[in-house]
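Trainee: got a sequence here, can you model it:
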Amino acid sequence: MTGYEHALFLILLLGFLLGSLQDKHQTRLYVLAGGLFLVFLPPVVNIKIPWDLLLALVLPWILWQNAHNWLHISWKFQKREFFLWILTVFCLGLIVVFIGDLFWIRAAFFGIIAASMFWFLSRQSEQSGLLEVIGPLTLIIVLIETSLPMNEPRLYFGSLFSGAGIGIFLAIISISIMKRVPVTFTRWILLVQVYLAYWIAFALKTSPIAASLVSVIIFTEFYMIRQDGNKRITPSTQFDNRVPFYILLVLFVFTAWQTHQPVTLVQWSEVFLGLLAVFLITFFGQRIGVPRFEHLSLNWRNSLKLGLFLFGFLLLWPRGSELNPVMIWIALAMAVFLPVLSDILVRGLRDIATEQPRNYPDEL
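Mentor: Sure, this is the predicted structure:
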């Protein structure tokens, strides 16, 4: 695992942990801030971190926790919110182009991921929008899928559909198991299913993301959806997140401490200008009535959470990269394609589930 991927993993984990915080979790926010500032300190003892094992344990959990929101996204958003998102991408991209001398293709990628992650953390409703999804999903694709032949569409799409087949197969097995065990085991079975889908797909060199997400779709639509009149109810699949959160929090603090990040004057300039630009954009969003920003002036913890993430993002984002620019744009395209594909699949499954049986005559 390269230094580029180390930094992206820390950014993803930081965003996931901050997104899991509630207003009452003030101490956890301070611990996260302290862990982030450890990147300035060189570790007293260098410990070799098994990054591949770490990804195999952490990423399925993140996929499991966010799969339902990422695959059931809202396609509606206000025009002014979209233009504000584009403005955020443009401003952050220009900063790293002119201050950090970053190539414009990489700068555009940087701006899109930063703006999407910022939107992801500032969301107010449980249902995510496309602008919020593409950032974290792209980071996961870059961390996992770049070992697959993404630059060869025929082979890569073959790996996607192979991974989806693994997810469907495991979901069918999970549903058959659930018919024979108490309902209280639902959460555990779904969690084990996602981990198995990820690990089996990874071992067979197919797409772990497609396997994990499709397995969640099939399991959710065919087993967990309950019909209540005209309403569709999805029972919660979440555990009490305190223990997993603290495990991931300790993991973040430890890996941030081991990932020493020397900061240059240029980077400090980027951090300052980036924070200032997003502050002005947020203030402008409040003035024009964008809902996701209206509550920030009344809740300083949410403002601190967003500022902390943006500070960490600007600080940790790798300026140089061993990753081909074509690959990162393919990953971004896949982050848009997967929710679209899942939406088509979900609609098809729901049409099948709600289709009324037809009465045919016995003799034609």
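Trainee: how many neighbouring residues does V192 have?
Mentor: Look at V192: counted by other C-beta atoms under 10 Å, it has 16 neighbours. The C-beta positions use only the backbone N, C-alpha and C, and glycine is treated the same way.
Trainee: look up how far W61 lies from it.
Mentor: From V192 across to W61, the span is 12 Å (C-beta to C-beta, to the nearest Å).
Trainee: host element of the spatially most central residue of the chain?
Mentor: Central residue of the chain (C-alpha atoms, centre = their mean): P136, 3.0 Å from the mean position. Using DSSP states H and E, P136 sits in helix 130-145.
Trainee: looking at that helix now, give me its mean pLDDT.
Mentor: The average pLDDT within helix 130-145 is 84.
Trainee: tell me the helix or strand right after that helix.
Mentor: helix 153-178.
Trainee: and after that next one, which helix or strand comes next?
Mentor: helix 186-203.
Trainee: other SSEs contacting the next helix or strand after that next one?
Mentor: As assigned by DSSP H and E, the chain's next helix or strand after helix 186-203 is helix 208-219. Applying 3 or more C-beta pairs under 8 Å, 6 or more residues apart in numbering; DSSP states H and E, one finds that helix 208-219 contacts helix 51-71, helix 130-145, helix 153-178, helix 186-203, helix 325-354.
Trainee: among those, which is the most enclosed?
Mentor: A comparison of the helices and strands packed on helix 208-219 by mean neighbour count, using mean count of other C-beta atoms under 10 Å, puts helix 130-145 on top with a mean of 24.
Trainee: these two touch, right, the residue nearest to the centre of the chain and L13?
Mentor: No. Contact status for P136 versus L13: not in contact, 10.6 Å apart, counting by C-beta atoms under 8 Å.
Trainee: report the angle between the helix holding P136 and helix 208-219.
Mentor: Computed with axes from the mean of the first three to the mean of the last three C-alpha atoms, to 10 degrees, the direction of helix 130-145 lies at 120 degrees from that of helix 208-219.
Trainee: chain center to helix 130-145: distance?
Mentor: 5 Å (C-alpha atoms, centre = their mean, to the nearest Å).
Trainee: likewise for stretch 247-267?
Mentor: So, by C-alpha atoms, centre = their mean, the centroid of stretch 247-267 is 20 Å from its chain's centroid.
Trainee: cool, stretch 85-103 as well?
Mentor: 22 Å.
Trainee: contacts for it?
Mentor: If you take C-beta atoms under 8 Å, 6 or more residues apart in numbering as the criterion, stretch 85-103 is touched by 104, 107-108, 110-112, 114-116, 118-119, 131, 266-267, 269-270, 273-274, 277-278, 281, 319, 325.
Trainee: swap in 6 Å and give it another go.
Mentor: Contacting residues not belonging to stretch 85-103 are listed as 104, 107-108, 110-112, 114-115, 131, 266, 269-270, 273-274, 277, 281, 319 [C-beta atoms under 6 Å, 6 or more residues apart in numbering].
Trainee: list the buried residues for it?
Mentor: 85, 87-89, 91-93, 95-97, 99-100, 102 (16 or more other C-beta atoms under 10 Å).
Trainee: how much space between the residue nearest to T186 when sequence neighbours are not counted and I217?
Mentor: Counting by C-beta to C-beta, 6 or more residues apart in numbering, the nearest residue to T186 once its immediate chain neighbours are dropped is M178, at 6.5 Å. M178 is 16 Å from I217, where distance means C-beta to C-beta.
Trainee: what of E5?
Mentor: 27 Å.
Trainee: out of the two, which sits in the more crowded spot?
Mentor: Per other C-beta under 10 Å, whichever of E5 and I217 has more neighbours is I217, with 23 against 20.
Trainee: please tell me how far that one sits from S176.
Mentor: I217 is 17 Å from S176, by C-beta to C-beta.
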